[in-house]
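1. test case, fold it:
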Amino acid sequence: MTDCNSSEPEPNDSLQTFGAVLQGFREHAGLTQQALAPLVGYSPHFVASVEQGRRLPPEDFVERAETALNAHGILRKAARKVGRQPGLAAWFRKWAGLEELAISLYTYECRVVPGLLQTVAYARTLFDNRVPLLTDEQIEAQLAVRQERQRMLRERQSTAFCFILDEHLLLRRTGGTEVTAELIGQLLDLAALRNVEIQIMPLSRGVHAGMNGPMQLLEVPENQWFGYIEGQETGQLISEPKTISVLQMRYAKLRSQALTPEDSVSLLKQQRGAL
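-> Down below sits the predicted model:
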């Protein structure tokens with residue numbers, strides 16, 4: 001059984017993303033690190049190092065893990081495609097890598113309109129007012145990455161994208177009336193796509209299942225789920241099944257408490273007309 005005793009490199013975003021995917025599939029298969037080790041031909045310590053993002057897995061490790069965990073190419077794809085993306089916050093890159101694999105993506109947001117739905121003007125307003133201040137070059141880089149990520153909504157027609165937005169996000173008029181009108185127009189255009197669902201959580205719903213804050217959930221092709229919770233200058237990638245179950249229960253409740261997609265479209269049209 002193979003192990004490696006050389007000094008371990010500092011964890012980076014790519015390795016940590018692959019490690020999270022590997023851990024998720026391992027736990028989904030009901031295996032411990034000790035049980036997976038002989039199946040991939042490496043020591044439990046090496047398996048742990050890969051999951052913690054401290055080892056780049058060799059090609060044979062990836063191939064054996066694919067077979068042992070019945071990952072159907074997901075681990076191989078994660079090892080090949082997930083990388084460091086300039087213009088993305090460091091704590092978000094691991095989640096952005098998983099987005100590339102997702103067959104469904106669920107988002108609840110109560111702070112700002114999610115990046116996948118933002119217009120350039122809305123996003124620029126947020127970046128212009130970031131504290132500490134960003135340079136012009138940093139702003140342009142973040143805008144470019146955000147627009148690139150948004151392409152998946154239209155190009156990946158077999159991926160289901162579901163968003164629940166608090167109504168007050170639009171009532172705040174971030175960027176002014178014209179920016180808000182353009183933003184609502186974009187939301188309406190996206191809501192018309194077959195693979196995009198947008199629901200509004202109305203102000204009249206005083207208490208709901210999202211009071212603990214924003215959350216995201218995604219599903220990869222083999223029906224493994226991951227979650228993501230973001231705070232100030234940090235983000236937490238979640239693969240632990242019990243926590244995922246809690247987030248799924250909360251999101252399901254949120255969907256029942258928010259306006260239906262049809263009623264949400266009607267509300268958006270009313271808000272645009274009132275500007």
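
2. ok, the residue nearest the centre of the chain to residue 111 distance?
-> Residue closest to the mean C-alpha point of the chain, counted by CA atoms, centre = their mean, is residue 95 at 4.7 Å. According to CB to CB, to the nearest Å, residue 95 and residue 111 sit 16 Å apart. C-beta here means a position set from N, CA and C on the backbone, and glycine is covered the same way.

3. do the same with residue 42
-> On the measure of CB to CB, residue 42 and residue 111 end up 42 Å apart.

4. more crowded one of those two?
-> Neighbours per residue, other CB atoms under 10 Å: of residue 42 and residue 111, the larger number sits with residue 42, 24 against 11.

5. that one touches residue 61, doesn't it?
-> Yes. If you go by CB atoms under 8 Å, residue 42 and residue 61 touch, sitting 6.0 Å apart.

6. mutual contacts of these two, please.
-> Counting by CB atoms under 8 Å, 6 or more residues apart in numbering, no residue touches both residue 42 and residue 61.

7. secondary structure class for residue 242?
-> Counting by DSSP: H, G, I helix; E, B strand; the rest coil, the backbone at residue 242 sits in helix.

8. could you give the number of residues near it?
-> Neighbours of residue 242 (other CB under 10 Å): 7.

9. so how far is residue 45 from it?
-> From residue 242 to residue 45 the distance is 26 Å (CB to CB).

10. and the closest residue to residue 257 other than its chain neighbours, what does it touch?
-> Nearest residue to residue 257 in three dimensions, chain neighbours excluded: residue 208, at 4.6 Å (CB to CB, 6 or more residues apart in numbering). Residue 208 is in contact with 201, 253, 254, 257, 258, counting by CB under 8 Å, 6+ apart.

11. and those residues, which of them are in strands?
-> Members of these lying in strands (criterion: DSSP state E): residue 201.

12. and the buried ones among the contacts of residue 208, selectable in PyMOL?
-> A single PyMOL command selects the buried members of the contacts of residue 208 (16 or more other CB atoms under 10 Å):
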select buried, resi 201+254+257+258
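
13. wait, which of the contacts of residue 208 is closest to residue 221?
-> residue 254 (24.7 Å; CB to CB).

14. so that closest one touches residue 166, yeah?
-> No. Look at residue 254 against residue 166 with CB under 8 Å: they stay out of range, at 10.3 Å.

15. so who does residue 137 touch?
-> Shown in contact with residue 137 (CB under 8 Å, 6+ apart): no residues.

16. list phi and psi for it.
-> phi -60, psi -40 (degrees, to the nearest 10).

17. where along the protein do the helices fall?
-> Along the chain, counting by DSSP state H, helices occupy 13-28, 33-40, 44-51, 59-68, 74-81, 93-99, 120-128, 136-155, 168-171, 177-191, 241-257, 261-274.

18. residue 232: which of the ones you listed is closest?
-> helix 120-128 (14.1 Å).

19. and for the closest one, what's in contact with it?
-> Contacts for helix 120-128 (CB under 8 Å, 6+ apart): 112-113, 115, 118, 134, 138-139, 142-143, 146-147, 174-175, 178-179, 182-183.

20. domain ranges for the chain?
-> Domain assignment of the chain by automatic domain parsing yields the ranges 13-81, 90-274.

21. comparing those domains by mean pLDDT, which bottoms out?
-> The minimum mean pLDDT among the domains of the chain belongs to domain 13-81 (a mean of 88).

22. coming back round to it: quick check: the two most widely separated of the contacts of residue 208?
-> Most distant of these, by CB to CB, are 201 and 253, 11.2 Å apart.

23. and the gap between the nearest residue to residue 106 once chain neighbours are set aside and residue 157?
-> Nearest residue to residue 106, sequence neighbours excluded (CB to CB, 6+ apart): residue 217, at 4.4 Å. Going from residue 217 to residue 157 by CB to CB gives 20 Å.
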